[in-house]
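Colleague: I would like the atomic coordinates for the input below:
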Amino acid sequence: MTRVAVIGGGRIGEALIAGLLDSGRAVKDLVVVETHADRAELIGDRLGVRVTDSIADAIIGADILVIAVKPGDVDAVMTQLGKAELDVDRDQILVSLAAGVPTARLENRLPAGFPVVRVMPNTPMLVGQGMSVLAPGRYARSEQLAQVTELLAAVGKVATVTEAQMDAVTAVSGSGPAYFFLVVEAMIDAGVGLGLTRDVATQLVVQTMIGSAALLESSGQTAVELRAAVTSPAGTTAAAVRELERGGVRSAFLEALHAAQQRSAEQGANDGVGASAT
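Modeller: Reported below is the predicted structural model:
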């Protein structure tokens, strides 16, 4: 069985480990690196996996090394990995979940030819509904990419793109949950303004979003088709959509995603590792 070392015991690291356990991975094949004692104790108690504060210790016997720390902490992790004895004979692979850190930057800090896969996850991973997008580095082989795909399928869906597309991926799905949360926030506030209690407005908006997403996924119809189906001529929905279009909702999203893409590119171009995530 493939052994996995997760470097970073934050929410994303914990979610990945929990998903792997739920998918049938053995506890003995998982280890977490966490330097904060309280957090380490919590993860050990909650998940039952071995937790260590040493990267050098965790990578012994590991096949997949997962970096699940904030982008600003990646440089320190790579420094420690550079000092550790990476097992070239074991065919190890490095998987980075840190936003905005290109594969080339990671490859340059590792032994020549060491395989790297960059991943852009998103926070729905915390409830097993993540969207993880992979970009293989220069040395990652197809069978290794398949390994990483299987790994991340434990916490949601997985897609593969080129490195050049990762800034766009960051803008669409990496930052995407925040856009939906903003829409939910605005709709709840509007519902309260129309006379509903905040609890009722919240229930209506959240379930409407969940149900709409499920319908979009399962119906086989496009978003355009589903919107048209619920928009009767001269009806209430048509009146609301007309106001959204008048308010420039499409151009606002276009500009927003473009700004996120540009910011992601700027972070990746910096000489040092970016200080913030999505």
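Colleague: tell me where the stretch 51-200 of the chain has helices.
Modeller: 55-58, 74-83, 103-107, 142-152, 166-169, 176-193, 198-219 (DSSP state H, counting those that start in this stretch).
Colleague: list the buried residues of the fourth one.
Modeller: Right, the one you point to is helix 142-152. Using 16 or more other Cβ atoms under 10 Å as the test for burial, helix 142-152 gives Q144, L145, Q147, V148, L151, L152. Glycine gets a C-beta too; all of them are placed from N, C-alpha and C.
Colleague: likewise the second one?
Modeller: Applying a neighbour-count criterion of 16+ other Cβ under 10 Å, the buried positions in helix 74-83 are V74, V77, M78, L81.
Colleague: contacts for it?
Modeller: 7-8, 55-56, 59, 65, 67, 69, 94, 96, 98, 101, 106, 109-110, 272-273 (Cβ atoms under 8 Å, 6 or more residues apart in numbering).
Colleague: what does the last one give?
Modeller: Contacts of helix 198-219 from elsewhere in the structure, counted by Cβ under 8 Å, 6+ apart, are F180, V183, V184, M187, I188, G191, V192, L196, A223, L226.
Colleague: how about the most centrally placed residue in the chain, what does it touch?
Modeller: Among the residues of the chain, P121 comes closest to the average C-alpha position under Cα atoms, centre = their mean, at 1.4 Å. Residues near P121 by Cβ under 8 Å, 6+ apart: I12, L97, G130, M131, S132, L152, V155, G174.
Colleague: what about the closest residue to it other than its chain neighbours, how many neighbours?
Modeller: Excluding the flanking residues, the one nearest P121 by Cβ to Cβ, 6 or more residues apart in numbering is S132, at 4.8 Å. Neighbour count of S132, defined by other Cβ atoms under 10 Å: 27.
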